[in-house]
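1. dropping the sequence and predicted coords here.
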Amino acid sequence: MDHSLGQVPCSYHPDVLTGLRCSRCGKPICPLDSVRTPVGLRCPDCAGVRTMGSIKTSSQSLVKAAGAGLLVALAVAVVWRFFPSWQFYLALVLGFGVAEAIAWGTNNKRGADLQILAFGIITVGLILSRVLLANRFGISWDMVNNLSPFGTQLLQIRVIPDLLFAAVAYLIAWVRFK
């Protein structure tokens, strides 16, 4: 290896040469591993960086988080029943509300298990909002299944906006627990 110009292999990525060193321990670090602190660049160990995704969420926390998330989804669905024209804003509230309720229930943990939980609860909220809208306007399941113009108009089923609004809610949860 060419160690000219003071470059040495990174402690975390031996195949990457670097001239950076941790300001605390002096360990060689590449730009991918460096953590900016008020006293200079540090390695992840000295900066106290922890990966939260590797911590398994307890069953008790998942149940608590699911309950909190479902309460938020239920509340949003009920509001959606009375204010269907607010669907964009309610999709935002559903995404943020469910994500933050789950985060509260798990003490701000992150991970794929929480993403899946949030996706499930958001799906329940979206379906429940449609069921409540159908109930409000007296639309039967037959009308919805047959896609009668009356049923779809009152449910405000517009494929592109509905899918985009749902995608926004899912994206919020995905980013929150990434």
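-> Cool, got the structure.
2. residue 16 contacts residue 10, correct?
-> Yes. Residue 16 is in contact with residue 10 according to C-beta atoms under 8 Å; the separation is 4.6 Å. Using the backbone N, CA and C atoms, a C-beta is placed for each residue, glycine as well.
3. name the residues contacting each of these two.
-> Taking C-beta atoms under 8 Å, 6 or more residues apart in numbering as the contact criterion, the common neighbours of residue 16 and residue 10 are residue 30.
4. neighbour count winner among the two?
-> Shown here are residue 16 and residue 10; by other C-beta atoms under 10 Å, residue 10 has more neighbours (21 against 15).
5. what residue ranges in the protein score low on pLDDT?
-> Applying pLDDT under 70 to the chain flags the ranges 1-5, 49-55, 141-160.
6. beta partners of the residue nearest to residue 8 when sequence neighbours are not counted?
-> Using C-beta to C-beta, 6 or more residues apart in numbering and skipping the chain neighbours, the partner closest in space to residue 8 is residue 28 (4.7 Å). Residue 28 has these beta-bridge partners by DSSP bridges: residue 21.
7. surely residue 28 is in contact with residue 18?
-> Yes. Using C-beta under 8 Å, residue 28 makes contact with residue 18 at a distance of 5.5 Å.
8. give me the common contacts of those two.
-> Taking C-beta under 8 Å, 6+ apart as the contact definition, residue 28 and residue 18 share the neighbouring residues 8-10.
9. domain parsing for this protein?
-> Domains of the chain are assigned by automatic domain parsing as 4-49, 53-176.
10. what ranges do the strands span in this protein?
-> 8-9, 17-18, 35-37, 40-42 (DSSP state E).
11. go through those strands and name the closest to residue 172.
-> Of all these, the one in closest proximity to residue 172, counting by C-beta to C-beta, is strand 35-37 (26.3 Å).
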